[in-house]
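>>> can't give you the sequence, but here's the structure:
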């Protein structure tokens, strides 16, 4: 089936009270692992590419791979630009066939964020492409942080309401205490669920949780066992993801878990068979490891059987 928009997938998730995974890709094996798991689980899926992934793999390669995958399976798939900041890249994604765009102007003051986001909405919506934006600054939140510092980092619910009304975005990523990467928290994971609940009440639109990789122990154990240095890595606990979904999160972004799974599997092959140089035998197990992670995430997010 053709690629669908992020709005189609997320509006359905919003009304159904579940979340859909947005999985970042950089190459064919990661994409194949994701699609394999999603098809077997009968789950809708959002495939995300960062500006870095586009620079690495090439936009033509990425779009062609996604369209090929979509035509081979009968589950809803959206192609999403993650954290778009370069307007020229955003325009290229719109022109080349992306069905969902994230404009990330969260580093700017509110009025400038609104202005830049509205510019992208005006480019994307006439072509039927959905738009995601972000409010707040996505950083780790420590237990010792002051109230004033915390409020400066996290989303203001009243600003969120005004932002959504002014921009007409289709989904919003509120900063509630997560961060990107494998080392998200120095202490206990601390997410502001009350703030999330208020944002959902005031906006009503699908909400997105960035920096949501769980960094599962089985992946860390494999990476460490075969020589990787990931001591202290800590992700968002499953129970926090479940609670966030119950309060209105409809899209969960996953990247770090996929990278760790890929690298762990590659390390294992190279360690156990140091004479191996067939890339298929090195990357094949990595693809299977990706599929395992995605299967676990689909179960957690509640989107199994929602295709």
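Received the coordinates, thanks. All values reported here derive from a predicted model rather than from experimental measurement.
>>> just the helices in the stretch 51-200 of the chain please.
Applying DSSP state H, counting those that start in this stretch to the stretch 51-200 of the chain gives helices spanning 51-57, 59-72, 87-96, 110-124, 147-153, 157-167, 193-203.
>>> Name the residues that touch the fourth one?
Under the criterion C-beta atoms under 8 Å, 6 or more residues apart in numbering, residues 84, 87, 90-91, 94, 101, 103, 105-106, 108, 130-131, 133, 135, 159, 163, 166-169 lie in contact with helix 110-124. C-beta here means a position set from N, CA and C on the backbone, and glycine is covered the same way.
>>> and residue 119, how many residues sit next to it?
15 (other C-beta atoms under 10 Å).
>>> one step back: indicate which one of the helices of the stretch 51-200 of the chain is closest to residue 26.
The closest of the helices of the stretch 51-200 of the chain to residue 26 is helix 51-57. By C-beta to C-beta, the value is 4.8 Å.
>>> which residues touch residue 31?
So residue 31 contacts 25, 47, 65-66, 69 (C-beta under 8 Å, 6+ apart).
>>> at 10 Å what do you get?
23, 25, 47, 49, 57, 62, 65-66, 68-69, 287, 290 (C-beta atoms under 10 Å, 6 or more residues apart in numbering).
>>> hang on, the earlier thing: list just the one of the helices of the stretch 51-200 of the chain that sits closest to residue 255.
Closest among these, using C-beta to C-beta: helix 51-57, at 9.7 Å.
>>> Mind checking the pLDDT average for stretch 87-106?
What stretch 87-106 shows for mean pLDDT is 97.
>>> Buried residues in it, which are they?
89-90, 93-94, 97-106 (16 or more other C-beta atoms under 10 Å).
>>> next one: stretch 265-282
Those would be 265-269, 282, for stretch 265-282 by 16+ other C-beta under 10 Å.
>>> And stretch 10-24, by the same measure?
Neighbour count says stretch 10-24 has 10-14, 18-24 buried, by 16+ other C-beta under 10 Å.
>>> Can you tell me which of the residues you listed is nearest residue 295?
Distances from residue 295 to these, taken by C-beta to C-beta, are shortest for residue 21, at 10.4 Å.
>>> how about low-confidence regions in the stretch 51-200 of the chain?
By pLDDT under 70, the low-scoring segments of the stretch 51-200 of the chain are 137-152, 179-189.
>>> ok so, going back, which member of the buried residues of stretch 265-282 is positioned nearest residue 238?
Using C-beta to C-beta, those come closest to residue 238 at residue 265, 21.8 Å.
>>> for the most centrally placed residue in the chain, phi and psi?
Centroid-nearest residue in the chain, with C-alpha atoms, centre = their mean: residue 253, separated by 2.0 Å. Torsion angles at residue 253 (phi, psi; degrees, to the nearest 10) stand at phi -90, psi 130.
>>> who's in contact with it?
21-24, 46, 48, 80, 82-83, 102, 173, 178, 180, 208-213.
>>> Next: residue 58.
Residue 58 makes contact with residue 64 under the criterion C-beta under 10 Å, 6+ apart.
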